[in-house]
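K.L.:
Predicted model and sequence below, questions to follow.
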Amino acid sequence: MIPLSAYTAVSAVLFITGLLGVLVRRNFIIVLMSVEMMLNAANINLVAFSHYLESLSGQLVALFVIAIAAGEAAVGLAIIIVVFRGKISTNVDEMNILKW
Amino acid sequence: MVLVFFAYFALVSIAAGVLTVSLRHPVHCAIALLALLLHVSGLFILLNAEFLWAVQVIVYVGAILVLYLFVLMLMNLKTDERYFHTSALYFVGPAVLGAFYVIFLLMQSPFEGTKGTTPASVVLQDGDTYAVGIKMFSDHILQFEIVGIFLLGAIIGAIVLAKTPKALDSEKERS
């Protein structure tokens, strides 16, 4: 029997890897991929707790998280297309018009 | 046996996550993300969540990742030389230390809590999909509707953002 803490450890490692990707990478698309990775880490946690605490609500929240991730990917990629059309660059450091 | 599968899925998903962050070419990163998502879905199988496994494979791997690959290949991105921030080392060192500390704390915790009403035997009686469906359309119907409206808004927003703005101008000039 695998302890619940093993699943939370895997989830923590994946989340920290995704967070590092968001902070460190320059390519906007890979930043979005890292966000997807963090959402997946949260999903592992939700499903693991749902299994070990014998309640189905965690699985349902994980389903809603997947739906939100789909919407986020669609809108994020549309924003990338708009930015790419204007500036021919997906470097996050060069998107600083809204920066104060 | 379950332990072997868990070790395989966990180690491969972590390795694929590291590759997703560290590879240079964006398409290779997308392929590494595909491996990560498939192995995370394997973890869902180990947790008796077959419906989420199917949703993960269909929605994440089949829809979201294909969308990423379409955008990557349509836009013909060039990989820039400096693909990490110069301050990467300041992030990576403390983050790795923090990760080990978090894992150390997590492995010690027993995670006791109030048990719910659906143990694995009840879920396996009619199948996970049946149980999730009954639960979703009885207790979580409001969230379900909200997610539907959210997805509609996301579709409309994506179409409005990605539409070429020139079409409207040429129509104006014609009239």
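P.N.:
Looks like it came in fine. Numbers count the residues shown, from 1 in each chain, chains lettered A, B, ... in the order given.
K.L.:
Whichever residue of chain A sits closest to chain B: neighbour count?
P.N.:
Chain A approaches chain B most closely through A:Ser55 (2.6 Å), counting by Cβ to the nearest Cβ. For glycine as for every other residue, the C-beta is placed from the backbone atoms N, C-alpha and C. By other Cβ atoms under 10 Å in any protein chain shown, the residues close to A:Ser55 number 19.
K.L.:
what does B:Ser109 give?
P.N.:
By other Cβ under 10 Å, 11 other residues sit near B:Ser109.
K.L.:
Make sure it is actually in contact with A:Ser5.
P.N.:
Yes. Using Cβ atoms under 8 Å, B:Ser109 is in contact with A:Ser5, at 5.8 Å.
K.L.:
Name the nearest residue to the residue of chain A closest to chain B, sequence neighbours excluded.
P.N.:
Nearest non-adjacent residue to A:Ser55, counting by Cβ to Cβ, 6 or more residues apart in numbering or on different chains: B:Gly116, 2.6 Å away.
K.L.:
mind checking the SS state of that neighbour?
P.N.:
Here B:Gly116 takes the coil state, with states given by DSSP: H, G, I helix; E, B strand; the rest coil.
K.L.:
B:Ala54: how many residues sit nearby?
P.N.:
Neighbours of B:Ala54 using other Cβ under 10 Å come to 14.
K.L.:
before we move on, what about B:Gly62?
P.N.:
Counted with other Cβ under 10 Å, B:Gly62 comes out at 12.
K.L.:
measure it to B:Tyr68 for me?
P.N.:
12 Å (Cβ to Cβ, to the nearest Å).
K.L.:
give the contact list for B:Leu46.
P.N.:
A:2, B:2, B:5-6, B:9 (Cβ atoms under 8 Å, 6 or more residues apart in numbering or on different chains).
K.L.:
now do B:Gly127
P.N.:
Neighbouring residues of B:Gly127 by Cβ under 8 Å, 6+ apart: B:Glu50.
K.L.:
Could you pull up phi and psi at it?
P.N.:
Per-residue torsions, B:Gly127: phi 100, psi 150 (degrees, to the nearest 10).
K.L.:
Report pLDDT for it.
P.N.:
Looking at B:Gly127, its pLDDT stands at 85.
K.L.:
what sits against the residue of chain B found nearest chain A?
P.N.:
Using Cβ to the nearest Cβ, B:Gly116 is the residue of chain B that sits closest to chain A, at 2.6 Å. By Cβ under 8 Å, 6+ apart, the contact list for B:Gly116 reads A:53-57.
K.L.:
Show only the entries of those found in helices.
P.N.:
Of the contacts of B:Gly116, the ones assigned to helices by DSSP state H are A:Ser57.
K.L.:
May I have stretch B:126-145 exported as PDB, CA atoms only?
P.N.:
The C-alpha trace of stretch B:126-145 is given here as PDB (Å, rounded to 0.1, in the frame of the first residue of the first chain):
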ATOM      1  CA  ASP B 126     -20.900   0.500 -10.100                       C
ATOM      2  CA  GLY B 127     -17.700   1.900 -11.500                       C
ATOM      3  CA  ASP B 128     -16.000   5.200 -11.000                       C
ATOM      4  CA  THR B 129     -17.800   6.900 -13.900                       C
ATOM      5  CA  TYR B 130     -21.200   6.100 -12.500                       C
ATOM      6  CA  ALA B 131     -20.200   7.300  -9.000                       C
ATOM      7  CA  VAL B 132     -18.700  10.600 -10.400                       C
ATOM      8  CA  GLY B 133     -21.700  11.200 -12.600                       C
ATOM      9  CA  ILE B 134     -24.200  10.700  -9.700                       C
ATOM     10  CA  LYS B 135     -22.100  13.000  -7.500                       C
ATOM     11  CA  MET B 136     -21.600  15.600 -10.100                       C
ATOM     12  CA  PHE B 137     -25.300  15.900 -11.100                       C
ATOM     13  CA  SER B 138     -26.600  15.900  -7.500                       C
ATOM     14  CA  ASP B 139     -24.200  17.800  -5.300                       C
ATOM     15  CA  HIS B 140     -22.100  19.800  -7.700                       C
ATOM     16  CA  ILE B 141     -24.600  20.900 -10.300                       C
ATOM     17  CA  LEU B 142     -24.000  24.600  -9.800                       C
ATOM     18  CA  GLN B 143     -20.200  24.200 -10.400                       C
ATOM     19  CA  PHE B 144     -21.000  22.200 -13.500                       C
ATOM     20  CA  GLU B 145     -23.200  25.100 -14.900                       C
END
